[in-house]
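Asks: A structural model of the following input is requested.
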Amino acid sequence: MPSREERHQKHRERMKVLDLSAVGLAFPIAMAFGYFVGRMIGGWFDAARIGGMIGLFFGIAGGFYNFLKLVMRFSPPSQPPSDDAADADADGE
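Replies: Take a look at the predicted model:
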């Protein structure tokens, strides 16, 4: 029987795959949603094509925002500079 840590590791791996597949689906859905909502709103002002393009732009921006959130979640935390490096810079080395 797998240990608790092994099960936890498998669960983390499954969650990564699900997150990646969600981005793969969310990006084109955000683009399509933005396009059609923009087209609908543009139609109210007799500018459906322009509204669709503006909505598509917002959909693309939303897709990239989701992608960047995912990248930030998977990236390791950055390490602050150590005190040794700061002391060496202060001494002029």
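
Asks: so how far is the helix or strand where residue 64 lies off the chain centroid?
Replies: Taking DSSP states H and E as the definition, residue 64 sits inside helix 48-74. Computed by Cα atoms, centre = their mean, to the nearest Å, the chain-centroid distance of helix 48-74 equals 10 Å.

Asks: Ok, stretch 17-34 next?
Replies: Distance, centroid of stretch 17-34 to centroid of chain: 10 Å (Cα atoms, centre = their mean).

Asks: and what of stretch 39-59?
Replies: With Cα atoms, centre = their mean as the basis, stretch 39-59 stands 24 Å off its chain's centre.

Asks: Which residues outside it are in contact with it?
Replies: 30-38 (Cβ atoms under 8 Å, 6 or more residues apart in numbering). Every residue, glycine included, has its C-beta placed from N, CA and C.

Asks: so the helix or strand where residue 20 lies versus helix 48-74, what angle?
Replies: Using DSSP H and E, residue 20 sits within helix 4-44. Orientation note: helix 4-44 sits at an angle of 160 degrees relative to helix 48-74 (axes from the mean of the first three to the mean of the last three Cα atoms, to 10 degrees).
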